[in-house]
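Visitor: Structure of the sequence below:
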Amino acid sequence: MRDWDAAYHNSGAVPNAQELFDQWVERSKAFRESSKKQLDIAYGSGEREKLDLFFPQGTEASKGLVMIVHGGYWKAFDKSAFSHLAKGAVEMGYTVAIPSYDLCPDANIVNITNQMQHALEVSAEQVKGPIHLTGHSAGGHLVARLGCKNRMIPDSITSRIKHILGISGVYDLRPIRRTAMNDILHIDEAEALAESPVLHEPLDNLRFTGWVGAEELAEFRRQNAAHCAMWGGFETQITAYEDPGKNHFTVVEALEQPDSLLLTTILNT
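Guide: Residues are numbered from 1 along each chain as shown. As a prediction, this is how the structure comes out:
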């Protein structure tokens, strides 16, 4: 029988995972202190339904909106540990939104997906111009859900979405039900079917990139390839990419680097 816990245990596959998490928190704190920002903008009535906006320095108008959704298997972290990921896009002239969301088991995946739609709608009201969505791990799943036609996001917003890029996303929730962490997530069969992007039709003419580290666990590389293959069967522009030498945690760090391949891909530059 397959060991599904090991198949999705990213921190177990990266020996210095905790060290990387600690570095992220420190870099996020430093970036928040030095950045031009507006913190804790409410997108709902809940305590965690808040987002941070980070703005380009100077007087030039923003080139558009980038929304970055954090990971943590829908059960860990908040926006404060990921502020540093806004650095690259901000330096390239974009306004970046980073939302928090409720966590399992206090919320379920359906609730969290709804929250990310509300966060997108509030961010889009605040920032004009094109919209680019990206997210890491569970965040990759959530931004892909925002690219599904059945989300019924207003045309005034979907018409502005130029690209969705999922980083190491979990696009099929059914295998997660076989892991021990489902004792916290409480994903049942109905929710797995309803909230798996791979099982839904994408927005017409959507540009979607599935990005994953070439050194990641095999199951994440499989999820990335399978999702891109499925969505490639629609009127979409789909790319699957494995980033050489990157694991589940180092793969996202290129968001800090202006003009990195990851950022230029997200921003269509």
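Visitor: CA only for contacts and neighbour counts going forward, please
Guide: Fine.
Visitor: residue ranges with poor pLDDT in this structure?
Guide: 269 (pLDDT under 70).
Visitor: got the contact list for the residue nearest the centre of it?
Guide: In the chain, the C-alpha nearest the mean C-alpha coordinate belongs to Gly135, at 1.3 Å (CA atoms, centre = their mean). Neighbouring residues of Gly135 by CA atoms under 8 Å, 6 or more residues apart in numbering: Met67, Ile68, Val69, His70, Gly71, His141, Leu142, Val143, Leu165, Gly166, Ile167, Gly169.
Visitor: list the contacts for the nearest residue to it once chain neighbours are set aside?
Guide: Leaving aside its chain neighbours, Gly135 sits nearest to Val69 (4.3 Å; criterion: CA to CA, 6 or more residues apart in numbering). Counting by CA under 8 Å, 6+ apart, Val69 makes contact with Ile98, Pro99, Ser100, Thr134, Gly135, His136, Gly139, Gly140, Leu142, Val143.
Visitor: For Val69, give me phi and psi.
Guide: Main-chain torsions, Val69, degrees, to the nearest 10: phi -110, psi 130.
Visitor: for Glu60, same thing?
Guide: When read as degrees, to the nearest 10, the backbone of Glu60 gives phi -70, psi 150.
Visitor: Check the gap between it and Ala7 for me.
Guide: Applying CA to CA, to the nearest Å, the value for Glu60 to Ala7 is 46 Å.
Visitor: Could you check which of these two has the larger neighbour count?
Guide: Ala7 (17 against 8; other CA atoms under 10 Å).
Visitor: Surely that one is in contact with Arg222?
Guide: No: between Ala7 and Arg222 there is no contact under CA atoms under 8 Å: 10.9 Å.
Visitor: quick one, helices of this protein?
Guide: For the chain, applying DSSP state H gives helices covering 4-7, 10-13, 17-34, 87-91, 109-126, 138-146, 155-158, 182-185, 189-195, 218-231, 261-266.
Visitor: Kindly reformat the ones you listed as JSON lines containing distance to Asp204.
Guide: Shown next, in JSON lines, are the helices of the chain (distance: least, CA to CA, whole Å):
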{"stretch": "helix 4-7", "distance to Asp204": "33"}
{"stretch": "helix 10-13", "distance to Asp204": "33"}
{"stretch": "helix 17-34", "distance to Asp204": "36"}
{"stretch": "helix 87-91", "distance to Asp204": "26"}
{"stretch": "helix 109-126", "distance to Asp204": "18"}
{"stretch": "helix 138-146", "distance to Asp204": "13"}
{"stretch": "helix 155-158", "distance to Asp204": "10"}
{"stretch": "helix 182-185", "distance to Asp204": "31"}
{"stretch": "helix 189-195", "distance to Asp204": "19"}
{"stretch": "helix 218-231", "distance to Asp204": "11"}
{"stretch": "helix 261-266", "distance to Asp204": "18"}
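Visitor: Of all those, which one is nearest Arg48?
Guide: Across these, Arg48 has its closest neighbour in helix 109-126 (9.9 Å, CA to CA).
Visitor: Helix 138-146 and that closest one, what's the angle between them?
Guide: On the basis of axes from the mean of the first three to the mean of the last three CA atoms, to 10 degrees, helix 109-126 is oriented at 70 degrees to helix 138-146.
Visitor: Keeping just the C-alphas, turn helix 109-126 into CSV.
Guide: Taking C-alpha atoms only, helix 109-126 is exported to CSV below (Å, rounded to 0.1, in the frame of the first residue of the first chain):
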residue,chain,number,x,y,z
ILE,A,109,-11.8,24.3,2.0
VAL,A,110,-15.1,25.7,0.6
ASN,A,111,-15.0,28.6,3.1
ILE,A,112,-11.3,29.3,2.3
THR,A,113,-12.0,29.4,-1.4
ASN,A,114,-14.9,31.8,-0.9
GLN,A,115,-12.6,34.0,1.2
MET,A,116,-10.0,34.2,-1.5
GLN,A,117,-12.6,35.3,-4.0
HIS,A,118,-13.7,38.1,-1.6
ALA,A,119,-10.0,39.0,-1.1
LEU,A,120,-9.6,39.2,-4.9
GLU,A,121,-12.7,41.4,-5.3
VAL,A,122,-11.6,43.8,-2.6
SER,A,123,-8.0,44.0,-4.0
ALA,A,124,-9.4,44.6,-7.5
GLU,A,125,-11.4,47.5,-6.2
GLN,A,126,-8.3,49.0,-4.6
